[in-house]
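**Student:** sequence and predicted structure are below.
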Amino acid sequence: MFIIGGNDHNMFSNLKKTINDYQIKNLKSDIIAGLTVGAVALPQNMAYALIIGINPIYGIYTSIVSMIVSSFLGVSNYLVVGPTNVMAIAISSTLGQYTGENYLQFIFLLTFLIGVFQLLMALMKLGKLVSYISHPVVVGLTSGISLIIGAGQLSNFFGLNVSNGVNFFTTIYNFFINLNQLNYYSLLLGLLTVAIILLLQHYKPQLPAYLISVIVVMLITYFFNMNNQVEVVSNFDSSLPKFNMINFEISTIKDLASSALSLAILGFIQVTSIVKSLSNRSNEEIDMNKEFISQGITNVVCSFFSSFAITGSFTNSFINYEAGAKTRLSELITAFFFIIFLLVFSPLVKFIPVASLAGIVIIVATGMIDFEKIKRTFKTTDFDAMIFIATFITTILLPRLDYA
């Protein structure tokens, strides 16, 4: 079950109570769940930064900051926040017109605005409005986003130096007319990544397929000196995320405001969907308004620590639950996993091919298409089918995701 409403001023007193009431018998389960999520989320979250067009280090920064904040302020014991494919493509499409040295500043400003809108909506108890967004809209949006994400990574997967187009079709067109630039080494490593993931998911689903695939490809790149033949993750800073002041320009705030509101709602939709699904399994009662407040605060904090907008992660949340998490400490364990990786293993990151991360993104994007839900939408009513088609077409056709 989940509840909308509640006494928001008790949020921090509830946090104190949660810490005081923690039972040490849950520690082992939380550690196992946290490490399991970390092994899956690490390569994925680096890849999501790639969707936005920034260094994968920011995927790790975002994971660390958001998970630490959410582990203290969140409500659900199983919800895991962080970078997601949907939010990454939404940020990318929103900021498509912004380039150059200040691109990161626009990302941080957008993240701040998203957090502010989420806080305002939650404090005014408007978060429950997301329940009125129809199912066909969500399915159409998700299906369209999956195509955009996959198409956007084709150039990285094939080793092409090509910029993405303004929509799905122009991106595909740019890809095909530049196929003569094909880098066979990049394609080989990308295909190897995909093959390892698919084989492990089929035969050994209990293993962290994404992490294993990246490690294998990274070692191949290292031992065969292929980092000179393919594009690899470069300029990877091993330091922890630091405070940075956002450049608050009124004109830019006005330009980004409507998009930030759309993305704030999009984040709430994803969180609501995850919590609804998990509550059906765990019978956990959740005050959704407090969870929305947590999301808003987390995004505001992220914006000041070199991180981009976050929301709940379907994949990581369900892995967290299935791995036996008992409390939100599991999310904090995942954050520590990222910190240890950043401080200890970051010298190896420069041997991770960009094509490998692109392969991960493509697999995740493919998994976003739920054909059963699409068929169900068409079987329900003609009106639902029309809404799905309209949302899907506008998503892949229009230059910005928030328009859809």
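**Tutor:** Looks like it came in fine.
**Student:** how close does the residue positioned nearest the centre of the chain sit to residue 180?
**Tutor:** Centroid check for the chain by Cα atoms, centre = their mean gives residue 84 as the closest residue, at 1.0 Å. Look at residue 84 and residue 180: by Cβ to Cβ, to the nearest Å, they are 34 Å apart. The C-beta positions use only the backbone N, C-alpha and C, and glycine is treated the same way.
**Student:** likewise for residue 391?
**Tutor:** Counting by Cβ to Cβ, the gap from residue 391 to residue 180 is 36 Å.
**Student:** compare these two and say which is more crowded by neighbours.
**Tutor:** residue 391 (20 against 6; other Cβ atoms under 10 Å).
**Student:** dihedrals phi and psi, the residue nearest to the more buried one when sequence neighbours are not counted?
**Tutor:** Here the nearest residue to residue 391 in space, its sequence neighbours aside, is residue 140; by Cβ to Cβ, 6 or more residues apart in numbering that works out to 3.1 Å. In terms of degrees, to the nearest 10, the main-chain angles of residue 140 are phi -60, psi -40.
**Student:** right, and residue 140 touches residue 390 too?
**Tutor:** Yes. If you go by Cβ atoms under 8 Å, residue 140 and residue 390 touch, sitting 7.3 Å apart.
**Student:** these two - which one has more neighbours?
**Tutor:** Legend: neighbour count by other Cβ under 10 Å for residue 140 and residue 390, higher for residue 140 (26 against 14).
**Student:** just the pLDDT for the more buried one.
**Tutor:** pLDDT, residue 140: 88.
**Student:** next one: the one 3 residues further on
**Tutor:** The model reports residue 143 with a pLDDT of 88.
**Student:** and for it, the neighbour number?
**Tutor:** There are 21 residues near residue 143, going by other Cβ under 10 Å.
**Student:** what residues are up against it?
**Tutor:** 368, 369, 370, 374, 392, 395 (Cβ atoms under 8 Å, 6 or more residues apart in numbering).
**Student:** hang on, isn't the third one packed against residue 139?
**Tutor:** Right, residue 370. Yes. Shown here, residue 370 and residue 139 form a contact pair, counting by Cβ under 8 Å, at 7.0 Å.
**Student:** ok, those two, which is more surrounded?
**Tutor:** residue 139 (21 against 14).
**Student:** secondary structure class for the more buried one?
**Tutor:** helix (DSSP: H, G, I helix; E, B strand; the rest coil).
**Student:** how about residue 206?
**Tutor:** Residue 206 ends up coil, using three-state DSSP.
**Student:** that one - how many residues pack around it?
**Tutor:** 7.
**Student:** host element of residue 156?
**Tutor:** Residue 156 belongs to helix 154-157 when assigned by DSSP states H and E.
**Student:** against which helices or strands is that helix packed?
**Tutor:** Under the contact criterion of 3 or more Cβ pairs under 8 Å, 6 or more residues apart in numbering; DSSP states H and E, helix 154-157 touches helix 168-177, helix 184-203, helix 354-367.
**Student:** now the buried members of the contacts of residue 143.
**Tutor:** Among these, those classed as buried by 16 or more other Cβ atoms under 10 Å are 368, 369, 374, 392, 395.
**Student:** what sits against residue 265?
**Tutor:** Counting by Cβ under 8 Å, 6+ apart, the residues that residue 265 touches are 121, 129, 130, 133.
**Student:** helix or strand: which one has it?
**Tutor:** Per DSSP H and E: helix 250-282 holds residue 265.
**Student:** quick one: average confidence on that helix?
**Tutor:** Helix 250-282 comes out at a mean pLDDT of 89.
**Student:** buried stuff in that helix?
**Tutor:** Of the residues in helix 250-282, those buried (16+ other Cβ under 10 Å) are 252, 255-256, 259-275, 278-279.
**Student:** likewise for stretch 327-346?
**Tutor:** Residues 327-339, 341-342, 346 are the ones in stretch 327-346 that count as buried (16+ other Cβ under 10 Å).
**Student:** which helices and strands does the helix or strand containing residue 394 pack with?
**Tutor:** Taking DSSP H and E as the criterion, residue 394 maps to helix 382-397. Under the contact definition 3+ Cβ pairs under 8 Å, 6+ apart, helix 382-397 sits against helix 135-152, helix 168-177, helix 371-380.
**Student:** so which of the ones you listed comes closest to residue 352?
**Tutor:** helix 135-152 (18.8 Å; Cβ to Cβ).
**Student:** is the nearest residue to residue 399 once chain neighbours are set aside in a helix, a strand, or coil?
**Tutor:** Excluding the flanking residues, the one nearest residue 399 by Cβ to Cβ, 6+ apart is residue 166, at 4.3 Å. Following three-state DSSP, residue 166 is assigned to coil.
**Student:** same question, residue 238
**Tutor:** coil.
**Student:** next, count neighbours for it.
**Tutor:** Using other Cβ under 10 Å, residue 238 has 13 other residues around it.
**Student:** where does residue 14 land on pLDDT?
**Tutor:** For residue 14, the predicted pLDDT is 55.
**Student:** ok, residue 85 next?
**Tutor:** 87.
**Student:** how far away is residue 61 from residue 85?
**Tutor:** Taken as Cβ to Cβ, the span from residue 61 to residue 85 is 18 Å.
**Student:** neighbours around the residue nearest to residue 399, how many?
**Tutor:** For residue 166, using other Cβ under 10 Å, the count is 14.
**Student:** before we move on, the earlier item: let me know the closest of the buried residues of stretch 327-346 to residue 51.
**Tutor:** Nearest to residue 51 among the buried residues of stretch 327-346, counting by Cβ to Cβ, is residue 338 at 18.4 Å.
**Student:** my read: that closest one touches residue 38, true?
**Tutor:** Yes. Assessed by Cβ under 8 Å, residue 338 is found in contact with residue 38 at 6.5 Å.
**Student:** overlap in contacts of the two?
**Tutor:** Here residue 338 and residue 38 have no joint contacts, going by Cβ under 8 Å, 6+ apart.
**Student:** measure the nearest residue to residue 144 once chain neighbours are set aside to residue 389 for me?
**Tutor:** Leaving aside its chain neighbours, residue 144 sits nearest to residue 395 (2.8 Å; criterion: Cβ to Cβ, 6+ apart). Look at residue 395 and residue 389: by Cβ to Cβ, they are 11 Å apart.
**Student:** what do these two both touch?
**Tutor:** Each of residue 140 lies in contact with both residue 395 and residue 389 under the rule Cβ under 8 Å, 6+ apart.
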